[in-house]
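Participant: mind folding the following:
(4 chains)
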Number of protein chains: 2
Amino acid sequence: MAVASRLQSGTGEAGNVVSLPETIPYFLADRIKAGIIRWRYPPGSSLRETDLAAEYGASRGPVREALRILELQGLVIHAPRRGFKVKEYTTDDLRHLYRLRAQLESEVIDALSTKDVSSLCDVLDRTNAVMRAFAIRRDLEGYFSTNIEFHQLMIDSTESSVLRTILHQVNAMSLPVRFLLLSNEFSGRADYEYHHEITQAIRARNFKLARRMTVSHITSNLTRVTVAYAEALEKQQER
Amino acid sequence: MAVASRLQSGTGEAGNVVSLPETIPYFLADRIKAGIIRWRYPPGSSLRETDLAAEYGASRGPVREALRILELQGLVIHAPRRGFKVKEYTTDDLRHLYRLRAQLESEVIDALSTKDVSSLCDVLDRTNAVMRAFAIRRDLEGYFSTNIEFHQLMIDSTESSVLRTILHQVNAMSLPVRFLLLSNEFSGRADYEYHHEITQAIRARNFKLARRMTVSHITSNLTRVTVAYAEALEKQQER
DNA sequence: CAAGTGTAAATTGTCTACAATTTGAGATCG
DNA sequence: CGATCTCAAATTGTAGACAATTTACACTTG
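Facilitator: A predicted model of the protein is given here:
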């Protein structure tokens, strides 16, 4: 019941626009997701049903459901009679993850070529403007979730439910590592510059260019990410 | 308990080697999966928890879990307070699905280039021989599940857990449509011929060739699949 | 007769209690 | 002193009952 009262609250704090928390498990999934992304539940740590139930004032049933939903998003893994753990990735996995992400978002852009893109671009531009504002204000959390929202919008523009499903998953998997970059996010070339150029290319219907830029946007972060992730894992194991 | 007694039985009948049914939900997931693949639960039909619980002699809890597991595999979709439905795909979705599958299995082959492949190829050859035997005996079910096993083996050869996860999913999604081809499976060029050539190419470490052949193997089925799927859906709606 | 409304049945959501399994600490034995 | 065994505590798995919501159908009403 501690949970039930908050159910109406629209968008979760995970920077997650897709799952509408109409029911307790979805609400819990969003909260736990936020916890995983922010390393409150670090990779490899076990998520005990009883603990989570107590923490959020729900019972174990919905917690299990929530964890199953997160498994769907690739953030958590379940082993029979051994419970749920926060999924952990090797640096090799990260490489594959990013390659896949780049490849699939390219697909999305390709699929745009048969559609009217102006309304999509308007939304993307607006989101990007918000993101820039957060950057100027040095609001890291806002920056982070707007960044995610940009990519989410891109993903949701595809008609293909297969692509959407898979990309949501791949995207979700990368969130914890992306969060790591947050602290030094404003070094180097800003994401919103990439975003802006990509949007422009799409609006000009230069999909080839948009594709190339998306790939370089995503892969440009890869090396930074792998280093940061390895460091974070190490720091984690000291405790 | 009608279920509990059968729990030991190793591999499920869905032609599914990956999920070890150590616990009731996994067992149920396997059975329901088999039902979906064989169109006993056709696309779009709703999977009522109570019905399934009664059908398999379990209670609703495990059934829900099972359905959640199948959602993970992209075979089922859940809407809050509206229950689970067998996922249905448009022909456009199928196109994307197959393209993705081809792309990702190519990735797997690429990843092999840094590894020793002889033991893998041995297993693949053996599986392929079994498949050929089933073909000669005109054992469609055996042929089907061995075919799946071949691809499963390929998928599982990757170190990258990301690729494995996603490919399992993409693979699972395509099972119901692949089942449709079963009746006229032995027309045209046999799958095991493709498989054999692919295996040979891999053994010869000609990964470029193996890649090309995998793509053509998978996409060669696409048109047949889309037609068969559309027909099957239509026939379904007549009822 | 069409459209909207209300109510009962069907269905999903949640909780609590109990069963089965795993885990880990301490005792026992080589 | 190290390895193994045993047993209790912690944790997950399952069942069944009850609550909340949706759906379908009959009913009213314009």
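Participant: secondary structure class for A:Phe84?
Facilitator: When classified by DSSP: H, G, I helix; E, B strand; the rest coil, A:Phe84 comes out as strand.
Participant: just the strands in chain A please.
Facilitator: Remark: strands assigned in chain A by DSSP state E are A:46-47, A:76-79, A:83-86.
Participant: could I get those strands as a markdown table with distance to B:His151, mean pLDDT and mean neighbour count?
Facilitator: To be clear about C-beta, it is placed using only N, CA and C from the backbone, and glycine gets the same treatment. Formatted as a markdown table, these follow (distance: least, CB to CB, whole Å; pLDDT from 0 to 100; neighbours: other CB atoms under 10 Å in any protein chain shown):
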| stretch | distance to B:His151 | mean pLDDT | mean neighbour count |
| --- | --- | --- | --- |
| strand A:46-47 | 32 | 95 | 16 |
| strand A:76-79 | 22 | 94 | 18 |
| strand A:83-86 | 28 | 95 | 19 |
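Participant: adding distance to chain B, write those out as a markdown table.
Facilitator: Listed next are the strands of chain A as a markdown table, based on distance: least, CB to the nearest CB, whole Å:
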| stretch | distance to chain B |
| --- | --- |
| strand A:46-47 | 16 |
| strand A:76-79 | 9 |
| strand A:83-86 | 12 |
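Participant: up against chain B, what does chain A have?
Facilitator: A:20, A:22-23, A:26, A:61, A:64-65, A:68-69, A:71-72, A:74, A:80-81, A:89-90, A:92-93, A:96-97, A:99-100, A:103-104, A:107, A:159-163, A:165-166, A:169-170, A:173 (CB under 8 Å from any CB of the partner chain).
Participant: taking these one by one, which sit in helices?
Facilitator: Cross-referencing those against helices under DSSP state H gives A:26, A:61, A:64-65, A:68-69, A:71-72, A:92-93, A:96-97, A:99-100, A:103-104, A:107, A:161-163, A:165-166, A:169-170, A:173.
Participant: quick one: pLDDT of A:His217?
Facilitator: You'll see A:His217 listed with a pLDDT of 88.
Participant: restrict the worst-scoring helix or strand of chain A on mean pLDDT to CA atoms and write it as PDB.
Facilitator: Least confident helix or strand of chain A, by mean pLDDT, DSSP states H and E, is helix A:222-238 with a mean of 85. Only the C-alpha atoms of helix A:222-238 are listed here, as PDB (Å, rounded to 0.1, in the frame of the first residue of the first chain):
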ATOM      1  CA  LEU A 222      32.500   3.000 -26.500                       C
ATOM      2  CA  THR A 223      36.100   3.300 -25.400                       C
ATOM      3  CA  ARG A 224      35.200   5.800 -22.700                       C
ATOM      4  CA  VAL A 225      32.500   3.500 -21.600                       C
ATOM      5  CA  THR A 226      34.600   0.300 -21.300                       C
ATOM      6  CA  VAL A 227      37.200   2.100 -19.300                       C
ATOM      7  CA  ALA A 228      34.700   3.700 -16.900                       C
ATOM      8  CA  TYR A 229      32.900   0.300 -16.500                       C
ATOM      9  CA  ALA A 230      36.000  -1.600 -15.700                       C
ATOM     10  CA  GLU A 231      37.000   1.100 -13.100                       C
ATOM     11  CA  ALA A 232      33.600   1.100 -11.600                       C
ATOM     12  CA  LEU A 233      33.500  -2.700 -11.300                       C
ATOM     13  CA  GLU A 234      36.900  -2.600  -9.600                       C
ATOM     14  CA  LYS A 235      35.800   0.100  -7.200                       C
ATOM     15  CA  GLN A 236      32.800  -2.000  -6.500                       C
ATOM     16  CA  GLN A 237      34.700  -5.100  -5.600                       C
ATOM     17  CA  GLU A 238      36.900  -3.200  -3.100                       C
END
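Participant: so which bits of that helix are buried?
Facilitator: By 16 or more other CB atoms under 10 Å in any protein chain shown, the buried positions in helix A:222-238 come out as A:Leu222, A:Arg224, A:Val225, A:Thr226, A:Ala228, A:Tyr229, A:Ala232, A:Leu233.
Participant: domains in chain A, by residue range?
Facilitator: A:4-86, A:91-238 (automatic domain parsing).
Participant: and of the strands of chain A, who's closest to B:Arg212?
Facilitator: Closest of the strands of chain A to B:Arg212 is strand A:76-79, at 34.2 Å (criterion: CB to CB).
Participant: pairing partners for the closest one, with directions?
Facilitator: strand A:83-86 (antiparallel) (DSSP bridges).
Participant: out of the strands of chain A, nearest to DNA strand D?
Facilitator: If you check each of those against DNA strand D by CB to the nearest atom of the strand, strand A:83-86 wins as the nearest, at 3.0 Å.
Participant: rewinding a little: please check the residues of chain A next to chain B and keep the buried ones.
Facilitator: The buried subset of these - by 16+ other CB under 10 Å - is A:23, A:26, A:64-65, A:68-69, A:71-72, A:74, A:89-90, A:93, A:96-97, A:99-100, A:103-104, A:107, A:160-163, A:165-166, A:169-170, A:173.
Participant: now, which of those residues lie close to DNA strand C?
Facilitator: A:Thr23, A:Glu65 (CB under 7 Å from any atom of the strand).
Participant: thinking again about what came up before, I'd like the strands of chain A as JSON lines, with distance to DNA strand C appended.
Facilitator: Output for those, formatted as JSON lines (distance: least, CB to the nearest atom of the strand, whole Å):
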{"stretch": "strand A:46-47", "distance to DNA strand C": "9"}
{"stretch": "strand A:76-79", "distance to DNA strand C": "8"}
{"stretch": "strand A:83-86", "distance to DNA strand C": "8"}
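Participant: quick one: which of those is nearest B:Gly44?
Facilitator: Of all the strands of chain A, it is strand A:76-79 that lies closest to B:Gly44, at 27.9 Å by CB to CB.
Participant: returning to what we had before: for the domains of chain A, which has the smallest mean pLDDT value?
Facilitator: Looking at the domains of chain A, the bottom one is domain A:4-86 with a mean of 82.
Participant: that one: how far from the chain's middle?
Facilitator: Offset of domain A:4-86 from its chain centre (CA atoms, centre = their mean, to the nearest Å): 15 Å.
Participant: residue numbers of chain A in contact with DNA strand D?
Facilitator: A:46-50, A:60-61, A:64, A:80-84.
Participant: what number of residues are in the vicinity of A:Leu180?
Facilitator: As a burial measure, A:Leu180 scores 18 neighbours (other CB atoms under 10 Å in any protein chain shown).
Participant: excluding residues flanking it in the chain, which one is nearest it?
Facilitator: In space, and not counting its chain neighbours, A:Leu180 is closest to A:Ala228: 4.2 Å by CB to CB, 6 or more residues apart in numbering or on different chains.
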